[in-house]
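Visitor: Got a sequence here, can you build the structure:
(chains A and B)
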Amino acid sequence: MVNPVLSLRGVTKRFGGLVAVNAMDFDVAEREVVGLLGPNGSGKSTTLNLVSGALPLTSGTVSLWGSPISGLPAQTINRKGVSRTFQLVRLLPSMNVRENVIAGAVFGHRRRWGHDAHDHAEHLLDKVGLGGKGDMPLRQLTYIDTKRVELARTLASDPKVLLLDEWLAGLNPTELQIGITLIKSLRDEGRTIILVEHVMDAIRSLCDRCVVMAAGTKIAEGTPTQVLSDKEVIRAYLGDDDA
Amino acid sequence: MSLTKTDIRNLILAAAALAICALLPLGDNGYWLGLGVTIAMFTTLATSWALFSGPTHYISLATAAFFGVGTYVTGLGIDALPFWSLVAIAGLIGAVLAALVGLATLRLSGVYFVIFTLGLAELVRQSITWVQNNTGQKGLYVLTDLDEAGIYWWLLGLAAAVFLTGWLIGRSRLGFALRVIGDDETVAAHSGINTARAKVLLFMLPGAVAAMTGAILAPRYVYIEPSLAFAPILSFQVVIMALLGGASRLWGPLVGVIPFTFLLEAVSSNFPNQTTLVIGIAFLVIVYLLPGGFVGLLGKILHRLNAREGA
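Guide: From the prediction side, this is the model:
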């Protein structure tokens, strides 16, 4: 791959004797949407945590535009342009919807403050489908709306790479369609995205490429159709009998 | 930075309130002025305490440590240096001490931080006692021509500076960063906030202010010794007053300081041995009945009124 935005080389994470992520290698090109798949406990979220700086690596390197970012604290990685959502939605409970989005805009990759940050937040709220709800307190939001707020906060610093950790999980079928359309619109803007996801519809319609993990190791890589028909992948998900 | 009409109105009102408070020594030089000094002192301490602990929810019990260091700066330097420079030096030492404490402890959270700050005051007190025991010195005399009115005006000036600083921080990125950290430190770090730096920077403010308050009040004690300068009860009083008023607003602690000072005054003149009991009861009342302080109570009432109007 020529000039990948993000590349992982030999990325490993041990928790005591447990190897949660084992020598992961993959690249993400600019404007590419890469799905990170695998059964529960296969190390997808941990991999995302290693990229975002939430956890330190045991060994290996993560590089952004060729320069290493592994070992840097989360705030520095965010300032360099990697922004993320969390598996369990994390919002700022004492602030209203708009302030939650502004929180992502003030200190990150591209910084805004005052009117600039305010207008930018309003623009993003429109984009994620929360136009006019800026003054609302968080407790009045539905579940998908809290996810939208988090997504808007993540977008607020104009990140180079977006990490979405099961952003579509827990949505009902109607919300899921809305969610997929929303992520698709980000994809159409040419953003670079890594998404950890279980929803197959979403993977098929959103991902250019998928990396599949099982027990901390990469077992397949390719287009969604390729990996979903891969024998190793089927075995990892369904066991030996069905492969 | 742009000021709205409300901002300008609030600033004018605050300046007017300050001017009225400054007139107190002209009206009375005894009981009420003494009470005025106590209120000014606790307002300064509790407001600066809440600037850090309000948004971050880190309960600091280090006030007595910084305060005591300030009184000792005045005690040791009063014969050699002008008073104003001692206040400045105390502020500087307080800020540096707070930065050191912050660097060592603010990565810890919750109860570890509380215990460390409590221990800090004890540590400094025991160190000074140890030095005194070894040198045969007992305490320090602070003799100046600064009278009660002078002390009052100094404290009032410091309180005004604290309010102005707090107001500016509230409008700044640093203040916003502290609110994000208080809500969710993981989100803060993943939004590009250098959480350790923001916390240490803002922790330096109550450190400096408490040391300056101690430096200003030293002449009032005339004779200072470790058990007086580093009395741990001071740290608890500051916390209780700030929480009683409400640490989520700049003016919150002031609302707690005034009634609590009057209450303590009434109790200590009528039942001199029960002051600790009153502090204990006040703490229980806050925890059980007023978790958000008076500020939180006011918010609830306003919310209920709005809801009724809406219905």
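Visitor: Could you use CA atoms for every contact and neighbour count after this?
Guide: Fine.
Visitor: By residue count, tell me the biggest helix in chain A.
Guide: Of all the segments assigned as helix in chain A under DSSP state H, the longest by residue count is helix A:173-188.
Visitor: what about the host helix or strand of A:D27, distance to the chain center?
Guide: Using DSSP states H and E, A:D27 sits within strand A:18-28. The chain centroid and the centroid of strand A:18-28 are separated by 16 Å, computed with C-alpha atoms, centre = their mean, to the nearest Å.
Visitor: That one pairs with which strands, parallel or anti?
Guide: strand A:6-15 (antiparallel) (DSSP bridges).
Visitor: what sits up against the strand it pairs with?
Guide: Applying C-alpha atoms under 8 Å, 6 or more residues apart in numbering or on different chains, the external contacts of strand A:6-15 come out as A:19-29, A:56-66, A:161.
Visitor: One more: stretch A:129-141?
Guide: Outside stretch A:129-141, the residues that touch it by C-alpha under 8 Å, 6+ apart are A:93, A:95-99, A:122-123, A:125-126, A:145-146, A:148-149.
Visitor: Near chain B, list only the ones from those residues.
Guide: Filtering the contacts of stretch A:129-141 for proximity to chain B by C-alpha under 8 Å from any C-alpha of the partner chain leaves A:P93.
Visitor: Most neighbours among the contacts of stretch A:129-141, which one is it?
Guide: Per-residue neighbour counts (other C-alpha atoms under 10 Å in any protein chain shown) across these peak at A:V97, which has 31 neighbours.
Visitor: Give me the nearest residue to that one, chain neighbours excluded.
Guide: Among residues not flanking A:V97 along the chain, A:G134 sits closest, at 4.9 Å (C-alpha to C-alpha, 6 or more residues apart in numbering or on different chains).
Visitor: do A:V101 as well
Guide: A:R153 (4.1 Å).
Visitor: Report pLDDT for the one you found.
Guide: You'll see A:R153 listed with a pLDDT of 95.
Visitor: what helix or strand is it on?
Guide: A:R153 belongs to helix A:143-155 when elements are defined using DSSP H and E.
Visitor: from the middle of its chain, how far away would whichever helix or strand comes after that helix be?
Guide: Tracing the chain C-terminally past helix A:143-155 and defining elements by DSSP H and E, one meets strand A:161-165 next. With C-alpha atoms, centre = their mean as the basis, strand A:161-165 stands 2 Å off its chain's centre.
Visitor: okay, the angle between strand A:161-165 and strand A:6-15?
Guide: Angle of strand A:161-165 versus strand A:6-15, following axes from the mean of the first three to the mean of the last three C-alpha atoms, to 10 degrees, is 40 degrees.
Visitor: Any stretches of the stretch 201-311 of chain B with poor pLDDT?
Guide: B:309-311 (pLDDT under 70).
Visitor: give me the residue from it nearest chain A.
Guide: At 10.2 Å from chain A, B:S248 is the closest residue in the stretch 201-311 of chain B, using C-alpha to the nearest C-alpha.
Visitor: What does the pLDDT read for the spatially closest residue to that residue that is not a sequence neighbour?
Guide: In this structure, B:S248 finds its nearest non-sequential neighbour in B:G54, 5.4 Å apart by C-alpha to C-alpha, 6+ apart. Note for B:G54: predicted pLDDT of 89.
Visitor: Contacts only, for B:G54.
Guide: By C-alpha under 8 Å, 6+ apart, the contact set of B:G54 is B:A247, B:S248, B:R249.
Visitor: go on, B:G245?
Guide: Neighbouring residues of B:G245 by C-alpha under 8 Å, 6+ apart: B:G252, B:P253, B:L254, B:V255, B:G256, B:V257, B:G293, B:F294, B:V295.
Visitor: quick one: which of those sit in strands?
Guide: Judged by DSSP state E, strands contain none of those.
Visitor: mind giving me TSV with those residues and columns for distance to A:K13?
Guide: TSV is the format used below for the contacts of B:G245 (distance: C-alpha to C-alpha, whole Å):
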residue	distance to A:K13
B:G252	47
B:P253	47
B:L254	50
B:V255	51
B:G256	50
B:V257	51
B:G293	45
B:F294	49
B:V295	47
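Visitor: Can you narrow those residues down to the ones near chain A?
Guide: Of the contacts of B:G245, not one also sits near chain A (C-alpha under 8 Å from any C-alpha).
Visitor: Assign A:L124 to helix, strand or coil.
Guide: With DSSP: H, G, I helix; E, B strand; the rest coil as the basis, the three-state label of A:L124 is helix.
Visitor: Excluding covalently adjacent residues, which one is nearest to it?
Guide: Leaving aside its chain neighbours, A:L124 sits nearest to A:A152 (5.7 Å; criterion: C-alpha to C-alpha, 6+ apart).
Visitor: The one you found against A:V128, yeah?
Guide: Yes. Using C-alpha atoms under 8 Å, A:A152 makes contact with A:V128 at a distance of 6.6 Å.
Visitor: Just want to know which of those two has more residues nearby.
Guide: A:A152 (29 against 21).
Visitor: roughly how far apart are the more buried one and B:A95?
Guide: As judged by C-alpha to C-alpha, to the nearest Å, A:A152 and B:A95 stand 38 Å apart.
Visitor: What of A:R79?
Guide: Shown here: A:R79 relative to B:A95, a distance of 29 Å by C-alpha to C-alpha.
Visitor: quick one, what contacts the nearest residue to A:V21 once chain neighbours are set aside?
Guide: With sequence-adjacent residues excluded and distances taken as C-alpha to C-alpha, 6+ apart, A:V21 is closest to A:G216, at 4.1 Å. Residues in contact with A:G216 (C-alpha under 8 Å, 6+ apart) are A:V19, A:A20, A:V21, A:N22, A:S42, A:G43, A:K44.
Visitor: for the helix or strand containing B:E265, packing partners?
Guide: Element membership of B:E265 [criterion: DSSP H and E] is helix B:252-270. Helices and strands touching helix B:252-270, by 3 or more C-alpha pairs under 8 Å, 6 or more residues apart in numbering or on different chains; DSSP states H and E, are helix B:31-56, helix B:232-245, helix B:275-289, helix B:293-310.
Visitor: what's the domain layout of chain A?
Guide: A:1-81+A:160-243, A:93-159 (automatic domain parsing).
Visitor: most tightly surrounded among those domains?
Guide: Neighbour counts (mean count of other C-alpha atoms under 10 Å in any protein chain shown) averaged over each of these peak at domain A:93-159, with a mean of 20.
Visitor: what about the residue in the stretch 101-250 of chain B positioned nearest to chain A, how many neighbours?
Guide: Closest approach between the stretch 101-250 of chain B and chain A, counting by C-alpha to the nearest C-alpha: B:G192, at 3.9 Å. As a burial measure, B:G192 scores 29 neighbours (other C-alpha under 10 Å).
Visitor: Name all residues that make contact with the residue nearest to A:V101.
Guide: A:N100, A:V101, A:I102, A:A103, A:G104, A:A105.
Visitor: Just put the residues you listed in a markdown table and tack on pLDDT, secondary structure and distance to A:S185.
Guide: Below are those laid out as a markdown table (pLDDT from 0 to 100; DSSP: H, G, I helix; E, B strand; the rest coil; distance: C-alpha to C-alpha, whole Å):
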| residue | pLDDT | secondary structure | distance to A:S185 |
| --- | --- | --- | --- |
| A:N100 | 95 | helix | 22 |
| A:V101 | 95 | helix | 19 |
| A:I102 | 95 | helix | 21 |
| A:A103 | 94 | helix | 23 |
| A:G104 | 92 | helix | 20 |
| A:A105 | 92 | helix | 20 |
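Visitor: Chain A contacts on the stretch 51-200 of chain B?
Guide: Near chain A, when you scan the stretch 51-200 of chain B using C-alpha under 8 Å from any C-alpha, you find B:173, B:176-177, B:180, B:183-184, B:186-194.
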